[in-house]
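Asker: need a structure here:
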Amino acid sequence: MSKLYEAKNAAVVLSDITKSYRVGSITTPVLRGIDLAISREGLSVLCGPSGSGKTTLLNLIGCIDRPDQGKLTVLDTDVASLSDNELSDFRRENIGYIFQNFNLLPVLTAYENVEYPLQLAGVGANERKALSELALSQVGLSEHRDKFPSQLSGGQRQRVAIARALVKRPSLVLADEPTANLDSETGESIISLIKQLQSQHHIAFVISSHDQLVRQHADRVYSMRDGQLLPEQEARLAQFA
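Answerer: All right, here's what the predicted structure looks like:
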């Protein structure tokens, strides 16, 4: 058994994880034997060029996809043992997501977008209202609660997405290129906000990004190339490449 299973305070543990995709008769390997333990504390960043496998790895960690082989434990749960319905429930109850393109519902206001995951989870109206208003306040958008996504700037939309990810108090939050569609100043403010909220709520944050700005704020950086994690020394050097 991998020594990674002895890792203390790990939110996610991956051992010998592989993943390939098949199109017609062609099979393309994407992840090649990933061994990794990700802490429950701080901000962890998966970095690497396009095609390195970082988004695929993030999708496995987020239980959006399943590995071909290997053992994946998320929040002390062997996710391979879960049925599709159980996996869906596990995602809804434990994991928050922040997307590159925000993925806000255009027909809902900022408040309604934040409240929506709570409605899906069956949370009562009074509790939904209190949690949604608190989440919007924490990202500095209380005064914009009744605006639709089209009425918000890119940075404001990403703040709504962050509030939506945090409103259900998840144990793990995943973000895929959260600054990719933002200018550098707005990106800086978004990463600073993520860092602040992570520390405040003690949530494990994992970000997939090639943005040097994001890496500068990380507590841990895991560099990838061709579906593999770089050796530790290479990974440290890649942070400054």
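
Asker: going forward, measure contacts between C-alpha atoms and count neighbours the same way
Answerer: Noted.

Asker: Surely residue 228 and residue 35 touch.
Answerer: No: using CA atoms under 8 Å as the test, residue 228 is too far from residue 35 to be in contact (9.1 Å).

Asker: quick one: common contacting residues for these two?
Answerer: Counting by CA atoms under 8 Å, 6 or more residues apart in numbering, residue 228 and residue 35 have no common neighbour.

Asker: quick one: residue 105 from residue 152, how far?
Answerer: For residue 105, the distance to residue 152 equals 13 Å [CA to CA, to the nearest Å].

Asker: What are the buried residues along the biggest helix by length in the chain?
Answerer: Ranked by residue count under DSSP state H, the longest helix found in the chain is helix 184-201. Neighbour-count burial for helix 184-201, counted by 16 or more other CA atoms under 10 Å, picks out 186, 187, 188, 190, 191, 193, 194, 195, 197, 198.

Asker: same question, stretch 196-216
Answerer: Going by neighbour count (16+ other CA under 10 Å), the buried part of stretch 196-216 is 197-198, 203-211, 214-215.

Asker: Same check on stretch 100-117?
Answerer: So stretch 100-117, judged by 16+ other CA under 10 Å, has buried residues 100-102, 104, 108-117.

Asker: cool, stretch 25-32 as well?
Answerer: 30, 31, 32.

Asker: And it, how far out from the chain middle?
Answerer: Here stretch 25-32 is found 24 Å from its chain centre; the criterion is CA atoms, centre = their mean, to the nearest Å.

Asker: what's that stretch in contact with?
Answerer: Residues outside stretch 25-32 that contact it (CA under 8 Å, 6+ apart): 16-22, 51-53, 56-57, 226-228.

Asker: Kindly report the same for stretch 174-185.
Answerer: Counting by CA under 8 Å, 6+ apart, 55, 58, 62, 95-101, 154-155, 158, 187, 190-191, 205-211 sit against stretch 174-185.

Asker: ok so, going back, among the buried residues of stretch 196-216, which ones are in strands?
Answerer: If you go by DSSP state E, the buried residues of stretch 196-216 have 204, 205, 206, 207, 208 in strands.

Asker: Next up, the contacts around the second one.
Answerer: To tie it back to what came earlier, the one meant is residue 205. Contacts for residue 205 (CA under 8 Å, 6+ apart) come out as 40, 41, 42, 43, 44, 172, 173, 174, 175, 198.

Asker: go on, residue 119?
Answerer: Shown in contact with residue 119 (CA under 8 Å, 6+ apart): residue 128.

Asker: Check the chain and tell me which residue is nearest its centre.
Answerer: Relative to the mean C-alpha position of the chain, the nearest C-alpha, by CA atoms, centre = their mean, is the one of residue 174, at 0.7 Å.

Asker: you'd agree that one is in a strand?
Answerer: Yes: according to DSSP: H, G, I helix; E, B strand; the rest coil, residue 174 belongs to a strand.

Asker: Run through the helices of the protein in chain order.
Answerer: Taking DSSP H, the helices of the chain run over residues 54-61, 84-94, 110-120, 125-138, 154-166, 184-201, 212-217, 232-238.

Asker: ok and the first one relative to strand 172-176, angle-wise?
Answerer: Translated: helix 54-61. Orientation check (axes from the mean of the first three to the mean of the last three CA atoms, to 10 degrees): helix 54-61 against strand 172-176 gives 160 degrees.

Asker: Ok, the longest one next?
Answerer: Between helix 184-201 and strand 172-176, the angle comes out at 170 degrees (the same axes, to 10 degrees).

Asker: Send over helix 184-201 as CSV, restricted to the C-alpha atoms.
Answerer: Extracted in CSV, the C-alpha atoms of helix 184-201 (Å, rounded to 0.1, in the frame of the first residue of the first chain):
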residue,chain,number,x,y,z
SER,A,184,-4.5,40.9,-13.8
GLU,A,185,-5.8,43.3,-11.2
THR,A,186,-9.1,41.6,-10.9
GLY,A,187,-7.4,38.2,-10.9
GLU,A,188,-5.3,39.4,-8.0
SER,A,189,-8.3,40.5,-6.0
ILE,A,190,-10.1,37.2,-6.7
ILE,A,191,-7.1,35.0,-5.5
SER,A,192,-6.7,37.2,-2.4
LEU,A,193,-10.4,36.7,-1.7
ILE,A,194,-10.1,32.9,-2.1
LYS,A,195,-7.0,32.9,0.2
GLN,A,196,-8.8,34.9,2.8
LEU,A,197,-12.0,32.7,2.7
GLN,A,198,-9.9,29.5,2.8
SER,A,199,-8.2,30.7,5.9
GLN,A,200,-11.4,31.9,7.5
HIS,A,201,-13.4,28.7,6.9
